[in-house]
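Novice: fold the stuff below for me.
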Amino acid sequence: MSALVEYFEALERLKKGTPLIVPKNTKISKDSVSLEAGRQKGTIKKSRPIFKQLIDAIDEAAMEQQLPALTEREKLNKVKTKLENYRALYEAAVAREIMLVRRIYELEAYISESTNSNVAIISQKNRQ
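Specialist: As a prediction, the model looks like this:
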């Protein structure tokens, strides 16, 4: 098996999160791919034309590895926005309930005052 194939296999293991040598969730770089392939740090060099495709693949994988961190941050911001929205809805509902309880109290007081006055209630039975 050629060394280049071993490097690409090591890169794939790092992308899948199943490395054999380096710790899991290691940041993808030329050095981490070298170590995962069983080589020393610094063996993948830009000056060697044979590594051009490998370096491009490593750079692309490193960019993809950073994207989920942004996605997690976006998820967190979305949850925070949702939480703030629900909090505003809750506070509006509580304010509405308090207003309605106050209005009921006022109406009950009004009815109580009306029935205690000298106004006689005439029912349909008494009119006949």
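Novice: low-confidence regions, the protein specifically.
Specialist: Within the chain, the ranges that satisfy pLDDT under 70 run 1, 69-70, 117-128.
Novice: which residues in it form helices?
Specialist: Counting by DSSP state H, the chain has these helices, from start to end: 3-16, 30-36, 52-116, 124-127.
Novice: can you say which of those is packed in most?
Specialist: helix 30-36 (a mean of 22; mean count of other Cβ atoms under 10 Å). Backbone N, C-alpha and C define where each C-beta goes, glycine included.
Novice: pull the residues that contact that helix.
Specialist: 7, 10-11, 13-14, 19-22, 26, 40-44, 54-55, 58 (Cβ atoms under 8 Å, 6 or more residues apart in numbering).
Novice: could you rerun that using 10 Å?
Specialist: 6-14, 19-23, 26, 28-29, 39-46, 51, 54-55, 57-59, 61-62 (Cβ atoms under 10 Å, 6 or more residues apart in numbering).
Novice: dead centre of the protein: give me the residue that sits there.
Specialist: K75 (2.1 Å; Cα atoms, centre = their mean).
Novice: distance check, that one against R87.
Specialist: 19 Å (Cβ to Cβ, to the nearest Å).
Novice: for I50, same thing?
Specialist: I50 is 58 Å from R87, by Cβ to Cβ.
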